[in-house]
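Engineer: Here you go, sequence then predicted model.
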2 protein chains.
Amino acid sequence: MNAPSKRQLNIGAFLMRHGHHVAAWRHPDTDLEGNVFQVFKRQVLAAEKACLDAVFFADSVALTNGVPALEPLTLLSALAAVTEHIGLIGTATTTYNEPYHVARKFASLDAISQGRAGWNLVTSDNAIEAQNFGREQHVGHAERYARAREFYDVVTGLWNGWDDDAAVNDKAHGQLYRPGSVRRLDHHGEHFSVAGPLNVARSAQGHPVVVQAGSSEAGRTLAAATADVVFTAHPALPSAQAFYRDIKQRVAAIGRDPDALKIMPGLFAVVGQSEAEAQDKFAVLQELVQPEVGLALLGRMIGNFDLSGHDIDGPLPELPLTNDGQRSRQQLLTNLAQGENLTIRQLYQRIAGGRGHFTVIGTKQTVADQMQQWFEEEAADGFNFMAPQLPGGLDDFLQGVVPELQRRGLFRTAYAGSTLRGHLGLPKPGRAHA
Amino acid sequence: MNAPSKRQLNIGAFLMRHGHHVAAWRHPDTDLEGNVFQVFKRQVLAAEKACLDAVFFADSVALTNGVPALEPLTLLSALAAVTEHIGLIGTATTTYNEPYHVARKFASLDAISQGRAGWNLVTSDNAIEAQNFGREQHVGHAERYARAREFYDVVTGLWNGWDDDAAVNDKAHGQLYRPGSVRRLDHHGEHFSVAGPLNVARSAQGHPVVVQAGSSEAGRTLAAATADVVFTAHPALPSAQAFYRDIKQRVAAIGRDPDALKIMPGLFAVVGQSEAEAQDKFAVLQELVQPEVGLALLGRMIGNFDLSGHDIDGPLPELPLTNDGQRSRQQLLTNLAQGENLTIRQLYQRIAGGRGHFTVIGTKQTVADQMQQWFEEEAADGFNFMAPQLPGGLDDFLQGVVPELQRRGLFRTAYAGSTLRGHLGLPKPGRAHA
Ligand SMILES: Cc1cc2nc3c(=O)[nH]c(=O)nc-3n(C[C@H](O)[C@H](O)[C@H](O)COP(=O)(O)O)c2cc1C
Ligand SMILES: Cc1cc2nc3c(=O)[nH]c(=O)nc-3n(C[C@H](O)[C@H](O)[C@H](O)COP(=O)(O)O)c2cc1C
């Protein structure tokens, strides 16, 4: 290939209140008293200074682990007002939402941010969400994905109901929009009937970027058909490569350009001045893990099972394949426990930080080396960085690893454009009814 | 009464893209090309400089008049990031929403803004919203209000599931929240089953202010039982006084403090240096009204009727009482047409600006006189100002009328607190399970 410039990494910052390590909130770094928005604002401004592609917020529509979380769209809109370049990706489940609301909220964020919005389309990995929306039981896995697919069609159909050049703003002749440039959708499907049109116009990037984070068979099929970006969890290079190959092949098989779908695994990294310092930093966090918190985390990750009755220093029990949670994550953790003969305690300690994601503990060179290897050996187009604790763990990455990647010519030193699609190198989407 | 200080007006700015006059967008003042958020930001900063209590955004979950509108919560969150004092009130319908989502979005805005959020609880006055949510027909008027009442109970129940002092933030002992300070709701009602708890904590003002804007019998009953603030439309003093008396009596009758519910009618005002200049300013807008736009506006206001088959210079036809729209507004407009013998054209011209709200066209003294009269003669506790066009119509009010009211000692010259409840003089709500 005769690329005009070297292929570049895409990097997002996956932010969570306190950080990703389950004991992060007990770390001296963590600001528990400050206003949540102000705390995130400082982090996002730091990420923007480092030219990251985006910040990313997960979500649950339930109190899942005792830690409250602002609704991502309100939070991201507030962040949009104080930033200029960085992409703003938020999660909204297709299982307990209506597509008109989701289409509209993300289109509003896209308008406010002038083309920096992204929608992480999830199907809800927390079974208890069901009970906040009138159901006893979680919607089944297959049904969730069937609904998700139709939900996607409605949301993008609403976004594409407006032409890019709809506005004529002709005061003299009393014409605001070109006739025919705003169209009804009139969708009538198995799960939804939605007339449209949406009451928000298109943005500078056409419409929001679509991110997908499921990795089961159904999740991969959906991602290949719909996603601009795939977030995924892989503990090691081979599984990441296999996943990467599989998704890119699926994308090509249905006639999409494989380069127009970016695969960004999660990366949990603890960065130190030396390997030993990095290990020490990690140990500080590991020692703060309370057994009941570790058990609860593992239970959630493995499909919402209550592990409290089991011997914490014994092996992981045989568990049925979950309907409720992340099937792909359950598989990953079961394989890990069996492969390395881990006790329950060892397993929750293993995931207390990275939760099954690619984990690197070392110097900025070590982390950059690993990222470069995954990037060059077709395991990743970029990464979704998960800071151990905030703000310290993020600062270590932004001030250490990012400059190292920039020095190697693998990451931008300035934003070339101002939309999220631009940062990711994705084409502006065409409209459906062209 | 021996009040320690003179009773003060509460003033909100009811903002709409372009302004409230139906032809505002054709006015030379209106910025059609700028980024919508930046346009609103300038207006809200001006309103904050004038110490207004709040800005207010209406909403529809459908494209109702060909003009798109950002989703209010995303817009208000962005505005929260660039303001410090002004209240932020947004509309969300109870008819096509789930209470968990609504509770959470407003709680997030309340957290981001540190206690400045308000929820305008409406039941949807646009029948076409139904078709964006899987229904052929709009939900009936009585059913909408029954659902709204239960919706309110769930939303406030979720907000009250957190204690004000829930956070202990004890890193050393590994305790984030005081045990028992966060409670499930376990609501099981006719319309909703919601387990809770909410995943957002309480804010500096306890929970968001609740605003209600229906004025029918059912609307008044709901307002008396639930609202902190009532927005209402009255063209003249006597009907506003009757409404004011009626609501305050209903509030007292159920044992609430009548002073803890503020009645704020809409006020459409065109302000000039002289009476003649004000009339000229209004005429500029009136001349820009296209007949088809005027007809469509009137049709919507009168209950979603298509008036295009009727003689524009003939009388308003007899119309059945609407199920779909605002019953109170339909009554008001029918009375107006009959009382003054107006043709269809005259009627739409009459509502092209104020849409049936209190309308004053004159100097800053005239407008202040009228406001003072309504305030002192028990027709209003304050007003929701509707600018004819933006930004000019708002600036005229903020720079002319507000200083005039301040000079008369009727309006604050500096914010005394930083929460919306504080500005409105409302008590911080107790928690339900105390
Ligand atoms: C990296 C990653 C992030 C995710 N973020 C969320 C989230 O924020 N909220 C959620 O409900 N599910 C989230 N999920 C879950 C997926 O969207 C999906 O519902 C779940 O993985 C089940 O699908 P699967 O069996 O295809 O993996 C995430 C999954 C992955 C891999
Ligand atoms: C001042 C005012 C503002 C309103 N704003 C909205 C709104 O933004 N969105 C909406 O759907 N309904 C709005 N409504 C409609 C009411 O919430 C209510 O649904 C409608 O008036 C029907 O109830 P009623 O018959 O009790 O008046 C508003 C009503 C008034 C009087």
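Structural biologist: Structure received. These numbers were taken from a predicted model, which means no experiment stands behind them. Ligands and ions are numbered 1, 2, ... in the order given.
Engineer: Where does pLDDT dip in the stretch 1-150 of chain A?
Structural biologist: Along the stretch 1-150 of chain A, segments meeting pLDDT under 70 span A:1-5.
Engineer: what's the burial count for the closest residue to ligand 2 within the stretch 201-350 of chain A?
Structural biologist: Per C-beta to the nearest ligand atom, A:A201 is where the stretch 201-350 of chain A lies closest to ligand 2, at 19.6 Å. For every residue, glycine as well, the C-beta is placed using N, CA and C. A:A201: 23 surrounding residues under other C-beta atoms under 10 Å in any protein chain shown.
Engineer: Am I right that it sits in a strand?
Structural biologist: No. Read with DSSP: H, G, I helix; E, B strand; the rest coil, A:A201 is coil and lies in no strand.
Engineer: how much space between it and chain B?
Structural biologist: Taking C-beta to the nearest C-beta, to the nearest Å as the measure, A:A201 and chain B are separated by 5 Å.
Engineer: go on, A:C51?
Structural biologist: 22 Å.
Engineer: and if you look at A:E275?
Structural biologist: Computed as C-beta to the nearest C-beta, the A:E275 to chain B distance reads 27 Å.
Engineer: The longest strand anywhere in chain A pairs with which strands, and in what direction?
Structural biologist: For chain A, the strand with the greatest residue count under DSSP state E is strand A:262-271. Using DSSP bridges, the strands paired with strand A:262-271 are strand A:229-232 (parallel), strand A:358-362 (parallel), strand A:382-386 (parallel).
Engineer: Just give me the neighbour total for the residue nearest to A:S60 when sequence neighbours are not counted.
Structural biologist: Leaving aside its chain neighbours, A:S60 sits nearest to A:N126 (4.8 Å; criterion: C-beta to C-beta, 6 or more residues apart in numbering or on different chains). By other C-beta under 10 Å, the residues close to A:N126 number 23.
Engineer: repeat for A:G161
Structural biologist: 24.
Engineer: Would you confirm that it contacts A:L198?
Structural biologist: Yes. Here A:G161 reaches A:L198: they are 5.9 Å apart, a contact under C-beta atoms under 8 Å.
Engineer: residues near the residue of chain A found nearest ligand 2, how many?
Structural biologist: Residue of chain A nearest ligand 2, by C-beta to the nearest ligand atom: A:N199 (12.1 Å). The burial count assigned to A:N199 is 27, neighbours taken as other C-beta under 10 Å.
Engineer: in which helix or strand would I find the residue nearest to it when sequence neighbours are not counted?
Structural biologist: In space, and not counting its chain neighbours, A:N199 is closest to B:L63: 4.1 Å by C-beta to C-beta, 6+ apart. Under the criterion DSSP states H and E, no helix or strand holds B:L63.
Engineer: Same question for A:G12.
Structural biologist: A:G12 belongs to strand A:10-14, assigned by DSSP H and E.
Engineer: Return the list of strands paired to that strand, each annotated with direction.
Structural biologist: Partners of strand A:10-14 in its sheet, by DSSP bridges: strand A:54-57 (parallel), strand A:382-386 (parallel).
Engineer: quick revisit: contact partners for the residue nearest to A:N199?
Structural biologist: Neighbour list for B:L63: A:182, A:196-199 [criterion: C-beta atoms under 8 Å, 6 or more residues apart in numbering or on different chains].
Engineer: Can I get those in CSV including secondary structure, distance to A:Y96 and pLDDT?
Structural biologist: Shown next, in CSV, are the contacts of B:L63 (DSSP: H, G, I helix; E, B strand; the rest coil; distance: C-beta to C-beta, whole Å; pLDDT from 0 to 100):
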residue, secondary structure, distance to A:Y96, pLDDT
A:V182, strand, 29, 97
A:G196, coil, 22, 97
A:P197, coil, 24, 98
A:L198, coil, 20, 98
A:N199, coil, 22, 98
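Engineer: Alongside chain B, which residues does the stretch 201-350 of chain A contribute?
Structural biologist: Contact residues, the stretch 201-350 of chain A versus chain B (C-beta under 8 Å from any C-beta of the partner chain): A:201, A:288, A:290, A:293.
Engineer: can you put those in a markdown table and add pLDDT and secondary structure?
Structural biologist: Below are these laid out as a markdown table (pLDDT from 0 to 100; DSSP: H, G, I helix; E, B strand; the rest coil):
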| residue | pLDDT | secondary structure |
| --- | --- | --- |
| A:A201 | 96 | coil |
| A:L288 | 96 | coil |
| A:Q290 | 92 | coil |
| A:V293 | 90 | helix |
